[in-house]
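**Q** Build the 3D model from these lines:
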Amino acid sequence: MAKRPSGAGEAAEENGQQENKRLKGAAGEEDAGDQSKRTPKRKIVLLMAYSGKGYHGMQRNLGSSQFKTIEDDLVCALVQSGCIPENHGEDMKKMSFQRCARTDKGVSAAGQIVSLKVRLIDDILEKINNHLPSHIRILGLKRVTGGFNSKNKCDARTYAYMLPTFAFAHKDHDVQEEAYRLSKETLEKVNSLLACYKGTHNFHNFTSQKGPKDPSAKRYIMEMYCGEPFVRENIEFAVIKVKGQSFMMHQIRKMIGLVIAIVKGYAPESIIERSWGEEKVDVPKAPGLGLVLERVHFEKYNRRFGNDGLHEPLEWKEEEEKIAVFKEQYIYPTIINTEREEKSMMSWLNTLSIHDFNSSAAEMDANNKNSKNSDLEGSDGCDDDSD
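**A** Predicted coordinates:
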């Protein structure tokens, strides 16, 4: 029998070892994939904070890739971190995904909640955040019941609206620029007007979607008030907070817009009461900049499941400091800098004089046809009737 040259034997042996390693590596990857597949999916909620500037809202719009949304970045991070399979990113129903509030273009959030089924991998929050831009953060995670739906189980939502206080300067006898400072008397007047919204009212004049006889135009507002003013970069700001069961498109911005029109002296106080009647009333819509989804509430769920020994209440006391830091780093500076650069509030205030707060429905329809403006900001974020 002819002897095989030693060099050829060594090469064959080396090739054999490499083949074994390749097969072992492939088997290892397959095992890892199998292990990932075997990891059971669990229903959870994620606490999200984000700055909405540069995004076309929260909700993903598959098929329109030129309009980037918050959910586009979130889903990519979930796939890349191994929390969900890639095909779940293409069909979000597969992971039972539901957002609590559908914030629209430019609107930020400090306490958005999404519910979904994920693989509970190790260091899950860190891994998701590693694949997200710094202006989108997952701040908390909790396990929830299998049938939990973050939109349907939500009892109430709290929004904040940050605005420069010169919005409340009276048109006839106050400084209209950044030097304006809110007096105690004016703040009291603002709060007495905002308090008028509390309770259940027909808000058909505060949205473009509902007629006066539509029962879903009736909304329940739990609280609404303006906090003490504060100065940032030589401009005085204040934050209005509103808590309600749910809100319609443009509702919050119109509620605030009407109060500004009254305080500035363009509209009579009686217009609020009149706006709840069947008559069509011209209600101005404040700019979208400054609107932030502050918090969502799950009080009924917490009472039923929060202390059952299996689930945690959906409260985020431990995350409050992280939420506050995020707002200071990403949300407030964006609002302040954008207001300084684009002067959205000042530009909008200049349009108040063209509103006719005593016009009839026929006159308003004619005016609307003559001057249709495109609304860049979209809904107030919840817009829960049209999901």
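**Q** CA-only coordinates of the longest strand along the chain in CSV, if you can.
**A** Looking across the chain with DSSP state E, the single longest strand is strand 108-119. In CSV, the C-alpha atoms belonging to strand 108-119 read as follows (Å, rounded to 0.1, in the frame of the first residue of the first chain):
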residue,chain,number,x,y,z
SER,A,108,-43.4,64.3,23.5
ALA,A,109,-44.1,61.8,26.3
ALA,A,110,-42.7,61.4,29.8
GLY,A,111,-45.0,58.5,30.7
GLN,A,112,-46.2,56.6,27.7
ILE,A,113,-47.1,53.0,28.3
VAL,A,114,-47.1,50.2,25.7
SER,A,115,-48.2,46.6,26.3
LEU,A,116,-46.8,43.6,24.3
LYS,A,117,-45.6,40.0,24.5
VAL,A,118,-41.8,39.6,24.7
ARG,A,119,-39.1,37.1,25.5
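**Q** From the contact counts, what lies against that strand?
**A** Secondary-structure packing of strand 108-119 (3 or more C-beta pairs under 8 Å, 6 or more residues apart in numbering; DSSP states H and E): strand 41-50, helix 70-80, strand 98-99, strand 291-297, helix 320-326. Quick note: C-beta positions are derived from backbone N, CA and C, even for glycine.
**Q** Tell me, how many residues neighbour Thr351?
**A** Neighbourhood size, Thr351 [other C-beta atoms under 10 Å]: 11.
**Q** Pretty sure it sits against Pro284.
**A** Yes: if you go by C-beta atoms under 8 Å, Thr351 and Pro284 touch, sitting 7.4 Å apart.
**Q** ok, back up a step: between the helices and strands packed on strand 108-119, which gets nearest to His135?
**A** His135 lies closest to strand 41-50 among the helices and strands packed on strand 108-119, at 6.2 Å (C-beta to C-beta).
**Q** Give me the sheet partners of the longest strand of the chain and which way each runs.
**A** Strand 108-119 sits in its sheet next to strand 41-50 (antiparallel), strand 98-99 (antiparallel), strand 291-297 (parallel), going by DSSP bridges.
**Q** next structured bit after that strand?
**A** Downstream of strand 108-119, the next assigned helix or strand under DSSP states H and E is helix 124-130.
**Q** For the strand or helix carrying Met346, buried residues please.
**A** Assessed by DSSP H and E, Met346 sits inside helix 344-349. Neighbour-count burial for helix 344-349 flags 344-346, 348-349 (criterion: 16 or more other C-beta atoms under 10 Å).
**Q** what does stretch 211-225 give?
**A** Those would be 217, 219, 221, 224, for stretch 211-225 by 16+ other C-beta under 10 Å.
**Q** Inside helices: which ones of these?
**A** Residues of the buried residues of stretch 211-225 located in helices (DSSP state H): none.
**Q** of the residues you listed, the lowest pLDDT goes to which?
**A** Lowest pLDDT within the buried residues of stretch 211-225 is found at Ala217 (94).
**Q** where's that one relative to Gly277, distance?
**A** According to C-beta to C-beta, to the nearest Å, Ala217 and Gly277 sit 12 Å apart.
**Q** any idea which of the strands paired with strand 108-119 is most buried?
**A** Each of the strands paired with strand 108-119 was scored by mean neighbour count; the highest is strand 291-297, a mean of 24, by mean count of other C-beta atoms under 10 Å.
**Q** and it, C-alpha only, in CSV?
**A** Extracted C-alpha coordinates of strand 291-297, given in CSV (Å, rounded to 0.1, in the frame of the first residue of the first chain):
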residue,chain,number,x,y,z
LEU,A,291,-47.8,69.3,24.6
VAL,A,292,-46.4,66.3,26.6
LEU,A,293,-48.1,63.0,27.6
GLU,A,294,-47.3,63.2,31.3
ARG,A,295,-48.8,60.1,32.7
VAL,A,296,-51.4,57.4,32.1
HIS,A,297,-53.6,55.9,34.9
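**Q** CA atoms only for the next helix or strand after that strand, dumped as PDB, please.
**A** Toward the C-terminus, strand 291-297 is succeeded by helix 299-305 as the next helix or strand (DSSP H and E). C-alpha atoms of helix 299-305 as PDB (Å, rounded to 0.1, in the frame of the first residue of the first chain):
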ATOM      1  CA  GLU A 299     -56.700  52.700  38.800                       C
ATOM      2  CA  LYS A 300     -59.300  50.000  38.200                       C
ATOM      3  CA  TYR A 301     -56.600  47.500  37.000                       C
ATOM      4  CA  ASN A 302     -54.500  48.300  40.100                       C
ATOM      5  CA  ARG A 303     -57.400  47.800  42.500                       C
ATOM      6  CA  ARG A 304     -58.200  44.400  40.900                       C
ATOM      7  CA  PHE A 305     -54.800  43.000  40.200                       C
END
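**Q** And helix 299-305, what's buried?
**A** Using 16+ other C-beta under 10 Å as the test for burial, helix 299-305 gives 301-302, 305.
**Q** What of stretch 69-77?
**A** 69-75, 77.
**Q** With pLDDT and distance to Asp91 as extra columns, can I get those in a markdown table?
**A** As requested, the buried residues of stretch 69-77 are exported to a markdown table (pLDDT from 0 to 100; distance: C-beta to C-beta, whole Å):
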| residue | pLDDT | distance to Asp91 |
| --- | --- | --- |
| Thr69 | 93 | 16 |
| Ile70 | 95 | 19 |
| Glu71 | 94 | 13 |
| Asp72 | 93 | 15 |
| Asp73 | 95 | 18 |
| Leu74 | 96 | 15 |
| Val75 | 94 | 11 |
| Ala77 | 96 | 17 |
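**Q** Right, I'll leave it there.
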